[in-house]
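Asks: Predicted structure and sequence below. I'll ask about it afterward.
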Amino acid sequence: MALSLFHWIGIGLVIALVLIPVVRWFWKRFDMPSKFAIESLKRRKQEAKEAELWEKIESQIEYEKRNQKDFFDRQKMKEDNSGKSMNAVEAANAWSKLGVDSPLEPVKKAERIETKTSVESLRKGITHSTNSIEEPDWELIKRMSELSEPVDGVPKAPDLEIVES
């Protein structure tokens, strides 16, 4: 008895309908990773977490070292620059940029003399100092007033109220 093409397709369909659920049941039942594979996956995940943690810690340590080095470099630069004074040429250039032809005389610090004084002598000193008025430094006042005037070649500063709105 010869089967037609239609019969062969029908038999194949019935066999497939029976075998697909059986194969799926075996697949779900027996397709599990072994204990070694499970341990290996857990170990890899743990190592990845530890590597990420150590990378964060190392980057933080490097950042702190960089900040500390920058701080010490700034401190060293401050110490180096604090002891240096300008030479006469640099000072003359600085004064000329400020519009001063001759530099002002440096202020000399008065030495502090510690003596025991009474309250009465202090009061006398105060009344004496209020009576004596020194003449103002007109040259300094003139230079300060010139600073408030606009300078050629220097652009005006923008009005902040207009810029903000």
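Replies: That came through fine.
Asks: Low-confidence stretches in this protein?
Replies: Residues of the chain meeting the criterion pLDDT under 70: 83-84, 102-107, 109-110, 112-133, 165.
Asks: May I have stretch 5-19 as CSV, with CA atoms only?
Replies: What follows is stretch 5-19, C-alpha atoms only, in CSV (Å, rounded to 0.1, in the frame of the first residue of the first chain):
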residue,chain,number,x,y,z
LEU,A,5,2.0,12.8,-0.1
PHE,A,6,-1.0,14.0,2.0
HIS,A,7,-0.8,10.9,4.2
TRP,A,8,3.0,11.3,4.8
ILE,A,9,2.5,15.0,5.8
GLY,A,10,-0.3,14.0,8.2
ILE,A,11,1.8,11.2,9.8
GLY,A,12,4.7,13.7,10.2
LEU,A,13,2.4,16.2,11.8
VAL,A,14,1.0,13.7,14.3
ILE,A,15,4.5,12.5,15.3
ALA,A,16,5.7,16.2,15.7
LEU,A,17,2.6,17.0,17.9
VAL,A,18,3.5,14.0,20.1
LEU,A,19,7.3,14.5,20.2
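Asks: CA atoms only: put the strand or helix carrying Ile162 into PDB for me.
Replies: Assigned by DSSP states H and E, Ile162 belongs to helix 160-164. The C-alpha trace of helix 160-164 is given here as PDB (Å, rounded to 0.1, in the frame of the first residue of the first chain):
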ATOM      1  CA  LEU A 160      25.400  93.800  35.100                       C
ATOM      2  CA  GLU A 161      21.700  94.700  35.400                       C
ATOM      3  CA  ILE A 162      21.300  94.700  31.600                       C
ATOM      4  CA  VAL A 163      23.300  91.500  31.200                       C
ATOM      5  CA  GLU A 164      21.300  89.500  33.800                       C
END
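Asks: Now for Arg143, how many residues are close by?
Replies: Arg143 has 15 neighbours, counted by other CB atoms under 10 Å. Every residue, glycine included, has its C-beta placed from N, CA and C.
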